[in-house]
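Student: next input, structure requested:
(2 chains)
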Amino acid sequence: MASEDQALNRNGEAGPQEKVLSRRDLWAMAFRSFFLQSSFNYERMQAGGWLYSLMPALKKIYREPKELAAAMKRHLEFFNTHPFLVTPILGIVAAMEESREKPDTIRGIKVGMMGPLGGVGDAVAWLTLLPITAGIGAAIAMEGSFAGPIFFLLTFNAIHFVLRFGGVFYGYNAGVRAIHKLKTGTQAISRAASIVGLMVVGGMIASYVKLSTSAKVPIGKDAFDIQKELLDKIMPNLLPLAYTLLMYFLLRKGYSPLKLIVITVFLSVVGKYFGVL
Amino acid sequence: MLIEAILLALWAGIAGIDQFNVLTHLHRPIVTGLVVGLILGDVKTGLLAGATLEFVWMGMVPLAGAQPPNVVIGGVMGTAFAILLDQDPKVAVSIAVPFAVAVQGAITLLFTIYSPVMHKMDSCAENSRHRATDLLNLSGMAVLFLFNAIITFLPIYYGVETAKSLVESLPSWLMDGLTVAGGIMPAIGFAMLLTVLLKKEYIAFLLAGFAIVTYSDISLLGLAILALAFALYDYYRGESPLKEGKKGGI
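Tutor: Down below sits the predicted model:
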């Protein structure tokens, strides 16, 4: 897949290899990532904060208003990951945008990374770092000493800041090195990125969408548990998959995401009221 | 009481921002306990109540973004009421939890009604107005500040006991329903991703990812490695649409 594919390089734009990002821009991105969840919402989750964090790079890379507008639109798509580990993704995506990779490739990499890093971040930050530092801090506070909260804030944030600011440089450098290889066949890379992205989305549907019924049908003295004895027997996570696909088809039918959110809230409250959810 | 209520409201507002932005975790009960203790002039009870609440909330973290009972309001209310009503710090827990659960439902609503902001951002992006999208993103922090400050101010200023019974009289199906909605909501986000990512030739991989996670204990990182393995195999096998002759046409 080496030299003969060079001719197929799809990066038509002038001077795609030009480096425009500085260390300052990467620092700015890491700093902005503090506000990744400022506009958090159920329609696209961290998308607004993702665009905000990536903006220092996009502004430098795309000088033409038209190009910048297109890039901004692309980066307003659904995004959600762990708020500490977003910076490696920012670094890699900035490196790819800098060398004008195809949007499909960038999207695949972004989606492929956000799910796993979300899981790793939960395990590292919420289930390890937080319990250890807050646990020691609370034990000190129980003695009536204000050193407890101070110990907690110092140790927790020392590691938090290293992850956040280290991550953006790590990601950018890894991205730059990878792009050298990516150049050979952007179509094939984009296909590979889509494969990884879609498999991860499939996994995220199974693990993150929480939907089950608590409806029971009385049979004599016993109650027939629809979730446990029917749906789980057919397939666990049947309802999350079905609901996600329903949303997909409704979106393609032209339903707005906001409409789907309102429908979902309504169904949840009504379902709870009648005891079927 | 007015001064104290205002100070507590300010702290809750700041902690409410920190819960989702910057994330120094000064919003955790262990820190809030100290601050509330300082405001109300009883640092010792504050520290003890804060530490007790910290242990209660230790496992209640936003895994995969799912909202647990609200730690900001739980910490502030629990500690403040323990001091104001002169209760044992352990009682702080039973005061904190009903408020925290009610606010958890309210946060779900807040994140729902913030969705239209994305459409405003879309139209700003179309005109490459990046200052406007920056501001729209940051605007959410003002909403979080006011939301937490008001929710803290009212019950503390107007009476702890009445507020508690009011919160407890909220129908549980409403609060639980909003929690259920929060659990389902990621489906819409994933569906939106599918509208841009999914092509016929890739449906197999979506199904594989779903089935592997459903029927095994694999983590998402493990799944990503497996996905990478498929992708590498596919790549080196040269099945990509790059090869002429195989029509991509999808």
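
Student: helices along the chain, start to end?
Tutor: Reading this off chain A. Ranges of helices within chain A are A:23-32, A:47-61, A:65-74, A:86-98, A:103-121, A:130-142, A:147-182, A:186-208, A:226, A:232-234, A:238-252, A:257-273, based on DSSP state H.

Student: um, chain B though
Tutor: Along chain B, the segments classed as helices by DSSP H run B:2-20, B:29-40, B:43-57, B:71-84, B:91-113, B:116-126, B:130-158, B:160-168, B:172-184, B:186-197, B:203-214, B:220-236.

Student: mind putting the helices of chain A into JSON lines with mean neighbour count, mean pLDDT and distance to chain B?
Tutor: Heads up, the C-betas are built off the backbone N, CA and C, glycines and all. Output for the helices of chain A, formatted as JSON lines (neighbours: other C-beta atoms under 10 Å in any protein chain shown; pLDDT from 0 to 100; distance: least, C-beta to the nearest C-beta, whole Å):
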{"stretch": "helix A:23-32", "mean neighbour count": "18", "mean pLDDT": "97", "distance to chain B": "9"}
{"stretch": "helix A:47-61", "mean neighbour count": "24", "mean pLDDT": "97", "distance to chain B": "4"}
{"stretch": "helix A:65-74", "mean neighbour count": "17", "mean pLDDT": "96", "distance to chain B": "4"}
{"stretch": "helix A:86-98", "mean neighbour count": "25", "mean pLDDT": "95", "distance to chain B": "11"}
{"stretch": "helix A:103-121", "mean neighbour count": "23", "mean pLDDT": "87", "distance to chain B": "4"}
{"stretch": "helix A:130-142", "mean neighbour count": "21", "mean pLDDT": "88", "distance to chain B": "4"}
{"stretch": "helix A:147-182", "mean neighbour count": "18", "mean pLDDT": "91", "distance to chain B": "5"}
{"stretch": "helix A:186-208", "mean neighbour count": "26", "mean pLDDT": "83", "distance to chain B": "3"}
{"stretch": "helix A:226", "mean neighbour count": "16", "mean pLDDT": "84", "distance to chain B": "16"}
{"stretch": "helix A:232-234", "mean neighbour count": "11", "mean pLDDT": "84", "distance to chain B": "10"}
{"stretch": "helix A:238-252", "mean neighbour count": "19", "mean pLDDT": "94", "distance to chain B": "4"}
{"stretch": "helix A:257-273", "mean neighbour count": "19", "mean pLDDT": "87", "distance to chain B": "3"}
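
Student: tabulate the ones you listed (CSV), appending distance to B:L85.
Tutor: As requested, those are exported to CSV (distance: least, C-beta to C-beta, whole Å):
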stretch, distance to B:L85
helix A:23-32, 42
helix A:47-61, 39
helix A:65-74, 52
helix A:86-98, 42
helix A:103-121, 38
helix A:130-142, 21
helix A:147-182, 23
helix A:186-208, 40
helix A:226, 45
helix A:232-234, 46
helix A:238-252, 43
helix A:257-273, 32
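
Student: out of these, which gets nearest to B:L109?
Tutor: Evaluated over the helices of chain A, closeness to B:L109 peaks at helix A:257-273, with 7.7 Å, by C-beta to C-beta.

Student: quick one: distance of that closest one to the chain centre.
Tutor: 24 Å (C-alpha atoms, centre = their mean, to the nearest Å).

Student: re the thing from before, output the helices of chain B as TSV; include the columns mean neighbour count.
Tutor: Converted to TSV, the helices of chain B look like this (neighbours: other C-beta atoms under 10 Å in any protein chain shown):
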stretch	mean neighbour count
helix B:2-20	20
helix B:29-40	26
helix B:43-57	25
helix B:71-84	28
helix B:91-113	21
helix B:116-126	17
helix B:130-158	19
helix B:160-168	14
helix B:172-184	20
helix B:186-197	24
helix B:203-214	20
helix B:220-236	18
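
Student: which of those helices has the lowest mean pLDDT?
Tutor: With a mean of 74, helix B:160-168 has the lowest mean pLDDT of the helices of chain B.

Student: helices or strands up against it?
Tutor: The contact analysis (3 or more C-beta pairs under 8 Å, 6 or more residues apart in numbering or on different chains; DSSP states H and E) places helix B:160-168 against helix B:71-84, helix B:91-113, helix B:130-158.

Student: is the longest one positioned near chain A?
Tutor: Right, the one you point to is helix B:130-158. Yes - counting by C-beta under 8 Å from any C-beta of the partner chain, chain A is contacted by helix B:130-158 at B:H130, B:T133, B:D134, B:L136, B:N137, B:L138, B:S139, B:G140, B:M141.

Student: now for that helix, which elements pack on it?
Tutor: Helix B:130-158 sits against helix A:47-61, helix A:65-74, helix B:2-20, helix B:71-84, helix B:91-113, helix B:116-126, helix B:160-168, with contacts defined as 3+ C-beta pairs under 8 Å, 6+ apart.

Student: same check, this time on the first one
Tutor: Counting contacts by 3+ C-beta pairs under 8 Å, 6+ apart, helix B:71-84 is packed against helix B:2-20, helix B:29-40, helix B:43-57, helix B:91-113, helix B:130-158, helix B:160-168.

Student: and the angle from it to helix B:160-168?
Tutor: With axes from the mean of the first three to the mean of the last three C-alpha atoms, to 10 degrees applied, the angle from helix B:71-84 to helix B:160-168 works out at 150 degrees.

Student: what's the spacing between helix B:71-84 and its chain's center?
Tutor: Remark: helix B:71-84 is offset 19 Å from the chain centroid, using C-alpha atoms, centre = their mean.

Student: stretch A:158-167 too?
Tutor: 18 Å.

Student: ok, now stretch A:213-222?
Tutor: How far stretch A:213-222 lies from its chain's middle: 39 Å, per C-alpha atoms, centre = their mean.

Student: sorry, back to before: closest one to A:P83 among the helices of chain B?
Tutor: Comparing the helices of chain B by C-beta to C-beta, helix B:2-20 comes nearest, at 7.9 Å.

Student: ok and that closest one relative to helix B:91-113, angle-wise?
Tutor: Using the same axes, to 10 degrees: helix B:2-20 against helix B:91-113 is 60 degrees.

Student: which ones are touching the residue of chain B found nearest chain A?
Tutor: Distance from chain A to each residue of chain B (C-beta to the nearest C-beta) is smallest for B:G209, at 2.7 Å. Neighbour list for B:G209: A:L198, A:M199, A:V200, A:V201, A:G202, A:G203, A:A206, B:L223, B:A227 [criterion: C-beta atoms under 8 Å, 6 or more residues apart in numbering or on different chains].

Student: can we see that at 7 Å?
Tutor: With contact set as C-beta atoms under 7 Å, 6 or more residues apart in numbering or on different chains, B:G209 has these partners: A:L198, A:M199, A:V200, A:V201, A:G202, A:G203, B:L223, B:A227.

Student: got it, and B:I30?
Tutor: A:A134, A:G137, A:A138, A:A141, A:G148, A:P149, A:F152, B:G50, B:A51, B:E54.

Student: go again using 10 Å as the cut-off
Tutor: A:133-135, A:137-138, A:140-142, A:148-153, B:47, B:50-55, B:57, B:75 (C-beta atoms under 10 Å, 6 or more residues apart in numbering or on different chains).

Student: residue 19: what's its closest spatial neighbour, skipping adjacent residues?
Tutor: Assuming you mean chain A. Nearest residue to A:K19 in three dimensions, chain neighbours excluded: A:E98, at 6.7 Å (C-beta to C-beta, 6 or more residues apart in numbering or on different chains).

Student: sorry, I should have been clearer: chain B.
Tutor: Using C-beta to C-beta, 6+ apart, the nearest residue to B:Q19 is B:H27, at 4.7 Å.
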